[in-house]
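1. Got a predicted structure here, sequence first:
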Amino acid sequence: MTEPAAVPAPSKLREQAEWMELLSAVAVGVLALNLVVHAFPPITTVVSVRDPAAMWALAQVLGVRAIQATPAILYLCGLWAAHRMFARMGRGEVFTAANAAGLASIGASLLWGSAWALALAPTLLRWTEDGFNGLDLRLEGPELVILVLGGALMMLGKVMAQAVVLQAEVDAFV
């Protein structure tokens with residue numbers, strides 16, 4: 001029989017949360033910068049287009065890029081929720097309703113971002129090329145893993161929220 005893993009001391013947990021807060025802030029910044037630089041053309045390109053045909057072509061390109069960027073935007077929302085949760089944990093707030101909601105939000109961001117990447121983006125991109133011509137579903141390993149783990153985190157957040165409510169009832173009774 002194996003020994004259960006040791007739970008970090010509160011000070012160690014706070015230290016780990018502070019490091020994760022820093023790492024998540026860097027990840028948010030890098031992903032946001034990557035989206036701005038690579039997903040969309042410079043604003044000067046958008047402003048300088050005067051020809052209606054060129055405007056339509058640019059609008060199509062922007063639409064395609066927005067469809068492609070949506071999973072990353074949803075993942076960015078999850079990273080921001082993680083950043084806020086780590087900040088709270090760094091202050092010593094661990095089992096709270098805010099962290100339960102944060103955990104559920106992280107999971108939802110992962111779930112919906114991967115669902116978009118697996119089903120919605122391929123279908124919408126197909127429609128931009130071929131018109132409304134069926135559905136396209138991509139069953140790719142990493143996105144499927146992110147989808148399932150996102151669902152698990154979302155459910156854990158909801159379970160944690162119930163645990164917070166139960167603890168409040170116990171505290172009120174005692």
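-> Now that the structure is in, tell me what you want to look at.
2. Show me what secondary structure element comes after the lowest-mean-pLDDT helix or strand in the chain.
-> Every helix and strand of the chain was ranked by mean pLDDT, DSSP states H and E. The lowest is helix 43-48, at a mean of 64. The element immediately downstream of helix 43-48 (helix or strand, assigned by DSSP states H and E) is helix 52-90.
3. Go through that following helix and flag the buried ones.
-> Applying a neighbour-count criterion of 16 or more other CB atoms under 10 Å, one finds 58, 67-90 buried in helix 52-90. The way it works is simple: take the backbone N, C-alpha and C, and place the C-beta from them, glycine included.
4. and if you look at stretch 151-159?
-> 151, 153-154, 157.
5. how about the CA coordinates for it, as CSV?
-> Extracted in CSV, the C-alpha atoms of stretch 151-159 (Å, rounded to 0.1, in the frame of the first residue of the first chain):
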residue,chain,number,x,y,z
GLY,A,151,-15.0,19.2,-18.5
ALA,A,152,-13.3,17.5,-15.5
LEU,A,153,-12.1,20.9,-14.1
MET,A,154,-15.5,22.4,-14.6
MET,A,155,-17.1,19.6,-12.7
LEU,A,156,-14.4,19.8,-9.9
GLY,A,157,-15.2,23.5,-9.6
LYS,A,158,-18.9,22.8,-9.1
VAL,A,159,-18.1,20.1,-6.6
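6. what does that stretch rub up against?
-> 100-108, 110-111 (CB atoms under 8 Å, 6 or more residues apart in numbering).
7. from those residues, which single one is nearest Arg14?
-> Closest approach between the contacts of stretch 151-159 and Arg14, by CB to CB: Gly102, at 16.4 Å.
8. Contacts only, for the nearest residue to that closest one once chain neighbours are set aside.
-> Excluding the flanking residues, the one nearest Gly102 by CB to CB, 6 or more residues apart in numbering is Met85, at 3.7 Å. Residues in contact with Met85 (CB under 8 Å, 6+ apart) are 98-99, 102-103, 106.
9. Before I go, just wanted to say thanks for your time.
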